[in-house]
Structure formats: structure tokens, C-alpha cells
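> This is the structure alone, sequence omitted:
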């Protein structure tokens, strides 16, 4: 499973030095974007070469333990499912051996007009080949 490092700064925390719950969404987004980039599909390439954008459609988060100021985290992303107009990622956030959060994120394919559309065929085939059986 792909992993992206994240350090926790003051801006990520509440007054007690604990990561504010909404920040986890940003950490998950960065890991998914870096996963796509590692596959050769940065956001700009998707837009210009494939005419497709991806937007979060649904998220299921399970907060297990808090992250805190100065923590070094690893945010993972693995492709669980590829459908005609959406993909589903399984994601985790860890601090060392501690599992802090699990997430399942459905991302919908949109055209440049921000309307739902199918994932273009060559991209669909390549993403489908990246589905992890145990993600």
C-alpha cells in the first residue's frame, strides 16, 4: 500500500495540541493525490489529457486514536475498487505501529463541466489493474 508522510503542525491542532478532526480529510486527500501522481496521473494531467476531475463523493472515517502536535504520521492509500464513474480507496493513518484512523473514500469522476462522467477507457483499464485485493 502506498504511504505518504505527514508532520503535525500547530495549524493542524486545536487548543490542546490534538489534531482537529477536519484536518484528517486534508491528510487523506494528500495521500490519494500523491498515490495518483506516483501512478503517473497528476491532477493537471488528468484534467488536460483525459478531461476528467475527481471529487470526493463519500467518506467513512473511523477515529481510533488522536494524533498530536509534532507527530510524524504515515498516511496510506490503496485502491479498493474501480467502477465506471468512481473509485474507492482504503486509507489508514498510522503513527509508528499505532493505527489512528481508517477510512474508505469514494471519489467520483467529473467532466470539466463538473458533471458526472465515466472514467475514460484507457484510464479506467489502468486504474482497474491497480486494484489491491486486500486494500
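Happy to help now that I have it. The shown structure was predicted, so the numbers you read here are calculated from the model rather than taken from an experiment.
> what's the next secondary structure element after the longest helix along the chain?
Identified as the longest helix of the chain according to DSSP state H is helix 23-38. Per DSSP states H and E, the first helix or strand lying C-terminal to helix 23-38 is helix 43-50.
> Pull up the per-residue confidence for the closest residue to residue 112 other than its chain neighbours.
Using C-beta to C-beta, 6 or more residues apart in numbering and skipping the chain neighbours, the partner closest in space to residue 112 is residue 51 (5.6 Å). (C-beta placed from N, C-alpha, C; glycine too.) At residue 51, the model reports a pLDDT of 94.
> how about residue 51, what does it touch?
111, 112, 120 (C-beta atoms under 8 Å, 6 or more residues apart in numbering).
> separation between it and residue 120?
7 Å (C-beta to C-beta, to the nearest Å).
> tell me, what residue is most central in this protein?
The residue lying closest to the centre of the chain (C-alpha atoms, centre = their mean) is residue 32, at 3.0 Å.
> so what's that one scoring on pLDDT?
At residue 32, the model reports a pLDDT of 97.
> shouldn't it be in contact with residue 88?
No: between residue 32 and residue 88 there is no contact under C-beta atoms under 8 Å: 11.0 Å.
> so what sits against both of the two?
Counting by C-beta under 8 Å, 6+ apart, the residues touching both residue 32 and residue 88 are 105, 107.
> Tell me where the longest strand sits in the protein.
Criterion DSSP state E: the longest strand present in the chain is strand 98-110.
> Let me know the next secondary structure element after that one.
Per DSSP H and E, the first helix or strand lying C-terminal to strand 98-110 is helix 121-129.
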